[in-house]
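Peer 1: Give me a 3D structure for the following:
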Amino acid sequence: MVNEKNDELALDCLLLAGQIMMESGAETYRVEDTMLRMARSQNLDAQSYVTPTGIILSLGKQQKTKIISISSRITDLHKIAKVNNVSRKLTLKIITLDEAYDELRMIQKTNYFLPIWLQILMAAVSSACFLILFKGTWFDMPAAFIAGGTGYLALLAIQHLTKVKFFSEFFASFVIALVAFSTVKLGYGNEIDKIIISGVMPLVPGVLITNAVRDMMAGHLTAGIAKGTEAFLTAFAIGSGVAVVVAFY
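Peer 2: Residues are numbered from 1 along each chain as shown. The predicted model follows:
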């Protein structure tokens, strides 16, 4: 009975670690590696199958197999780092399985994101900085600042209302292009192309594209193709939003 309870706890702990990492934007091979290392630390012969939308974990023929669904995915590298830290401590016998599970539950519940206002401010600042990297003029920096901040605000607002990623990215890029055209038309900007490109940079799925390539290189073809498709749809949504404004102007 004790072994059965320990195996049940191990299953829940490993699945929770994998769920947090996948929902936070980790690579598929990293999730599998972390789960298997945690299993070996408990002398368990685990087998796992990880995709961007779900995880299957088994402890062997005589043990239970569990499946967990991944319904949402964001980019939260801090959570991934904290789960990796829990995995290392468990592997080194610094903490027990119960303590690891409690820490993982705390990580799952905690929101490590910056305040909304600070996220918007950082998106605006990064857009202004990207303008200079793209060899834009200092005169256009305020326009890029406003476009980037307004676009990110629109992204967060639509995500909260619809929960549909495609629509939020489409509307955010639409707002960015609209702000860029308006500032140039009013005489507060010159190079509209660089203002738009700088404004949409906070929306570009850079981490997702990188993870897709890394998963493909690691042999996780299903996950790599799925993430690549998601990145393509994101890029398509951003381009479509800009194209609608360009077509009207």
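
Peer 1: Other residues contacting stretch 124-132?
Peer 2: 138, 140-142, 144-149, 151-152, 194-195, 197-199, 201-202 (C-beta atoms under 8 Å, 6 or more residues apart in numbering). The C-beta positions use only the backbone N, C-alpha and C, and glycine is treated the same way.

Peer 1: all helices of this structure, in order?
Peer 2: 2-23, 28-41, 77-91, 97-109, 116-133, 141-162, 165-185, 192-200, 206-217, 221-248 (DSSP state H).

Peer 1: For the protein, which helix or strand comes out least confident on mean pLDDT?
Peer 2: Ranking every helix and strand in the chain by mean pLDDT, DSSP states H and E puts helix 2-23 at the bottom, with a mean of 83.

Peer 1: Just the buried positions in that one, please.
Peer 2: 7, 9-23 (16 or more other C-beta atoms under 10 Å).

Peer 1: quick check, nearest of the residues you listed to V242?
Peer 2: Distance to V242, by C-beta to C-beta, is smallest for E23 among these, at 29.1 Å.

Peer 1: That closest one reaches I68, doesn't it?
Peer 2: No - at 10.3 Å, E23 does not count as touching I68 under the criterion of C-beta atoms under 8 Å.

Peer 1: Give me the pLDDT for the residue most central in space within the chain.
Peer 2: Centroid check for the chain by C-alpha atoms, centre = their mean gives T75 as the closest residue, at 2.2 Å. T75 carries a pLDDT value of 85.

Peer 1: mind checking how far it is from G136?
Peer 2: 26 Å (C-beta to C-beta, to the nearest Å).

Peer 1: before we move on, the earlier item: filter the contacts of stretch 124-132 down to the buried ones.
Peer 2: Going by neighbour count (16+ other C-beta under 10 Å), these have 140-142, 144-149, 151-152, 194-195, 197-199, 201-202 buried.

Peer 1: Could you pull up the residues touching S198?
Peer 2: S198 neighbours (C-beta under 8 Å, 6+ apart): S127, A128, F130, L131, F134, G136, A144, A147, G148.

Peer 1: pLDDT-wise, what's the bottom of the residues you listed?
Peer 2: Confidence-wise, G136 trails the rest of the contacts of S198, at 88.

Peer 1: Now do the same contact list for it.
Peer 2: With C-beta under 8 Å, 6+ apart, G136 has these contacts: A144, E191, K194, I195, S198.

Peer 1: which one is the third one nearest to, not counting chain neighbours?
Peer 2: With C-beta to C-beta, 6 or more residues apart in numbering as the criterion, K194 has its nearest non-adjacent residue at 4.1 Å, and that residue is G136.

Peer 1: Show me the shaky parts of this structure.
Peer 2: 1-5, 61-63 (pLDDT under 70).

Peer 1: Tell me how far the residue nearest to K194 lies from V242.
Peer 2: Taking C-beta to C-beta, one finds G136 at 17 Å from V242.

Peer 1: Span of stretch 16-31 from start to end?
Peer 2: End-to-end span of stretch 16-31 (C-alpha to C-alpha, to the nearest Å): 11 Å.

Peer 1: er, stretch 46-66 actually
Peer 2: 11 Å.

Peer 1: For it, could you pull out the residues that count as buried?
Peer 2: Neighbour-count burial for stretch 46-66, counted by 16+ other C-beta under 10 Å, picks out A46, S48, V50, T51, P52, I55, L57, S58, L59, Q63.
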